[in-house]
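Visitor: show me how the following folds:
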Amino acid sequence: MALRTLRVASQKRNLVYNPPVRDMKFLFNDVLEMYPHYAACPEPVPEECTEDFVDSVVDASVQLAETVTPTYQTGDVGCVFKDGEVTTPKGFKECYDLYSEGGWQGLSLPSEYGGMGMPLSVSLLKNEILATANWAWFMYPGLSLGAANTILYHGTSEMKETYLPKIIEGTWTGSMCLTEPHCGTDLAQIKTKAVDGPNGSYKITGTKIFISGGEQDLTENIVHIVLAKLPGAPEGTKGISLFLVPKYLMKPDGSLETKKNVVCGSIEKKMGIHGCSTAQLHFEDSIGWLIGEPHDGLRQMFTFMNTARIGTAMQGVTHMELAFQNAAIYANDRMSMRSLSGKKERENVADAIVHHGDVRKNLMIMKALLEGSRCLLYDVAKFGDKITYAILAGDTEKEKRLEDEMGFLTPVAKGCVTEWGLECANLGVQIYGGHGYIKDHGMEQIVRDARIATLYEGTTGIQALDMLGRKMMLDKLRMFKKWNSKITKFALASMSSPHKAEAMKLFMLAMQWKVQVIRMGYQATKNRDMVSSASVDHLFFSGYIFLGYYWLKMGIAAERQLRTAETEADKKFYRNKVATMKFYFDYLINRAESHKINMVRPPKSIYGIPKEDLAI
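Guide: Residues are numbered from 1 along each chain as shown. Presented below is the predicted three-dimensional model:
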């Protein structure tokens, strides 16, 4: 009996992850209609991009996740830095080798460089499964995709032929080098310099910090994508150029030099994501090559940044999923008191805490935010597919139109979804109670790992300013009107569905959105600080409307499928989906009301205390 008790206790300390394959297929087949989307995409979408192929990608990802998942908690010990070298946690390299051998890095990259040429949205399925298994580990290949896309869209033919095959086969990784010790978001202040080097190259000098995956022992080389300024460059962001700077230079015979071209000075001691090294990199006359045109680097880097922001939004989903699954298991197992409505489990000394209203509500909050966010993110990936093929076709007009439409969603995906990810991680700890605070159970690790998602790739406040300032006011509300009209029309069309009440609530909020934006814009003409003080409330007001839009889509699709479902398992799945939609409209969408009020409130009281009086 003592041995059995010890075994049960040991199992409880390990986090559980079962990839939500059924939910993924529901979104692909019934809600977002991805297979007609693939059929309508132009070349070079492979003919093999069928439902059977996508299912095989999911199945293989699930299989690999079984190996990756155990490294999540063990990898929390972190990386080791010694003499300029980084050692990743035990098991990380073995998992990475399996990932590379399976050809996963090239799933959505062109076949001419060794990839499979599949749409971005197919790759997202694989990414979600493996990233939920271990986010810190997945950051290494995840950032490589951003580097590959930057080279693919903006690099020279020689760059593509030299670097893409290596990244795709997984023998090299990539990193994004923006931040410097004195500046993060305000890239106009960067001091890293680039001067002419031998044979058309440049010598890069400067220091970059907070570089995820900037040094590691998984691959033989790292391709750094670096922002720097050329001599005589214009002031501000208009003077920034983009460079490709490898950790090791390549010899004429294809082998690598032994002397490092880029040196790692240290790695950060962080709150979370301990398994992913966060490096300080020193560039000392490091040889690199210009990507694209001089002084156009920030625009080109946005290819990497947008890939990273979608990836970071996915991070929010991964933390929600892991926290929800384990909190639901714990809530069903943990016995405490009796339900207020009467005994539910008479054979036990107490009822499982899942019967208590507050615990059940917290679980439903997690489930509703998780599944709504996943739908939103998959729709963003669908836009990403269309943009990719517009770029490859050279259709700049279509590319710009689609980028604007997806760009309006990006701050919601990055800003709101990561904040909801942190909220759900915290709710998971709350459901565990005191056990959630203990390291052995793993729930507090999810909170620590989730915290960074609201900070890097632009804080929530920066995402909110981007949406309200650049993507609404400077755009003269063009994309706002398009999305608002799309949501309004969908809500009106849904009035004839069984979910008329939910459709009406969404319609009314969409109408109020118009009014509040006009009020906010008018007040901002009198006080520019209004834009900053209102931006986060506007972001979340928008976010809850978007999530309502996607939940109504899912509810209607589930209701439709329920009418023809044959198995009891399918019927239960669709009924639960409808029930979660109703919970969202009963509880969560009401949060929009407080944001609606605050987004038009003048910031007078925010600035009521002089700045020097805020410090003690």
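Visitor: what is the residue nearest to S201 when sequence neighbours are not counted paired to in the beta sheet?
Guide: Counting by Cβ to Cβ, 6 or more residues apart in numbering, I287 is the residue found nearest to S201 once chain neighbours are left out, at 5.1 Å. C-beta: built from backbone N, CA, C; applies to glycine. Here I287 sits in beta bridges with K203, going by DSSP bridges.
Visitor: give me the neighbour count for L218.
Guide: By other Cβ atoms under 10 Å, the residues close to L218 number 24.
Visitor: whoops, I mixed them up, S121
Guide: With other Cβ under 10 Å as criterion, S121 counts 26.
Visitor: who's in contact with it?
Guide: S121 sits next to 34, 378, 381-382, 384-385 when contact means Cβ atoms under 8 Å, 6 or more residues apart in numbering.
Visitor: highest neighbour count among those?
Guide: Neighbour counts for these, by other Cβ under 10 Å, peak at A381, which reaches 26 neighbours.
Visitor: and that one, which of the three is it?
Guide: Look at A381: counting by DSSP: H, G, I helix; E, B strand; the rest coil, its state is helix.
Visitor: pretty sure it contacts L125?
Guide: No: counting by Cβ atoms under 8 Å, A381 sits too far from L125 to count as a contact (9.1 Å).
Visitor: my guess is K247 meets T219, correct?
Guide: No: using Cβ under 8 Å, K247 is not in contact with T219, being 9.3 Å away.
Visitor: in the contacts of S121, find the pair that's most separated.
Guide: M34 and G384 (12.3 Å; Cβ to Cβ).
Visitor: leaving out chain neighbours, which residue sits closest to K482?
Guide: Leaving aside its sequence neighbours, K482 sits nearest to E405 (Cβ to Cβ, 6+ apart; 6.8 Å).
Visitor: er, T258 I mean
Guide: Nearest residue to T258 in three dimensions, chain neighbours excluded: Y248, at 7.8 Å (Cβ to Cβ, 6+ apart).
Visitor: run a quick neighbour tally on that neighbour.
Guide: For Y248, the count of nearby residues is 17 (other Cβ under 10 Å).
Visitor: ok so, going back, can you pull the contacts of the residue nearest to S201?
Guide: I287 makes contact with 197-198, 201-204, 245, 249, 261, according to Cβ under 8 Å, 6+ apart.
Visitor: 7 Å instead?
Guide: I287 is in contact with 197, 201, 203, 249, 261, counting by Cβ atoms under 7 Å, 6 or more residues apart in numbering.
Visitor: now what about the helix or strand harbouring K489, what contacts it?
Guide: Under the criterion of DSSP states H and E, K489 resides in helix 478-493. Counting contacts by Cβ under 7 Å, 6+ apart, the residues outside helix 478-493 that touch it are 404-405, 408, 471-472, 503, 506-507, 510, 513-514, 517, 545, 549.
Visitor: which parts of it are buried?
Guide: 479-480, 483-484, 487-488, 490-491 (16 or more other Cβ atoms under 10 Å).
Visitor: these two touch, right, G288 and V245?
Guide: Yes: look at G288 against V245 with Cβ atoms under 7 Å: they come within range, at 3.6 Å.
Visitor: and those two? Which one has more around it.
Guide: For G288 versus V245, the count of surrounding residues by other Cβ under 10 Å is larger for V245: 27 against 24.
Visitor: and the helix or strand containing the more buried one, how far from the chain's centre?
Guide: Using DSSP H and E, V245 sits in strand 240-246. Chain-centre distance of strand 240-246: 24 Å, with Cα atoms, centre = their mean, to the nearest Å.
Visitor: which residues touch it?
Guide: By Cβ under 7 Å, 6+ apart, the residues outside strand 240-246 that reach it are 151, 155, 159, 187, 190, 194, 202, 204, 221, 223-230, 261-262, 283, 286, 288-292, 294-295, 297-298, 300-301.
Visitor: rewinding a little: of the buried residues of helix 478-493, which is the nearest to T74?
Guide: Distance to T74 across the buried residues of helix 478-493 (Cβ to Cβ) is lowest for W483, with 43.3 Å.
Visitor: what about the residue nearest to K482, how many neighbours?
Guide: The tally of other residues near E405 (other Cβ under 10 Å) stands at 16.
Visitor: relative to V317, how far out is it?
Guide: From E405 across to V317, the span is 21 Å (Cβ to Cβ, to the nearest Å).
Visitor: where in the stretch 451-600 of the chain is pLDDT low?
Guide: Counting by pLDDT under 70, not a single residue of the stretch 451-600 of the chain qualifies.
Visitor: next one: the residue nearest to F243 when sequence neighbours are not counted from E347, what distance?
Guide: Nearest non-adjacent residue to F243, counting by Cβ to Cβ, 6+ apart: G288, 4.0 Å away. For G288, the distance to E347 equals 69 Å [Cβ to Cβ].
Visitor: before we move on, what about D379?
Guide: 46 Å.
Visitor: which one's more surrounded, the two?
Guide: Using other Cβ under 10 Å as the criterion, D379 and E347 rank with D379 on top: 22 against 5.
Visitor: buried subset of the contacts of strand 240-246?
Guide: By 16+ other Cβ under 10 Å, the contacts of strand 240-246 give 151, 155, 159, 187, 190, 194, 202, 204, 221, 223-230, 261-262, 283, 286, 288-292, 295, 297-298, 300-301 as buried.
Visitor: centre of the chain to stretch 395-415, how far?
Guide: Centroid displacement of stretch 395-415 relative to its chain, using Cα atoms, centre = their mean, is 16 Å.
Visitor: what's in contact with it?
Guide: Residues from elsewhere that reach stretch 395-415 (Cβ under 7 Å, 6+ apart): 306, 309-310, 312-313, 376-377, 380, 383-384, 386-387, 390-391, 457-458, 460, 463-464, 466-467, 471, 479, 482-483, 539, 542-543, 546.
Visitor: restricted to buried residues, select the residues you listed in ChimeraX.
Guide: Provided next is the ChimeraX selection string for whichever of the contacts of stretch 395-415 are buried by 16+ other Cβ under 10 Å:
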select :306,309,310,312,313,376,377,380,383,384,386,387,390,391,457,458,460,463,464,466,467,471,479,483,539,542,543,546
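Visitor: what's near enough to touch T132?
Guide: For T132, the contact set (Cβ under 7 Å, 6+ apart) comprises 17, 318, 321-322.
Visitor: of the residues you listed, which is the most crowded?
Guide: Busiest of the contacts of T132 [other Cβ under 10 Å] is L322, holding 31 neighbours.
Visitor: distance of that residue relative to L370?
Guide: To L370, L322 is 10 Å away according to Cβ to Cβ.
Visitor: before we move on, what about H538?
Guide: Going from H538 to L370 by Cβ to Cβ gives 23 Å.
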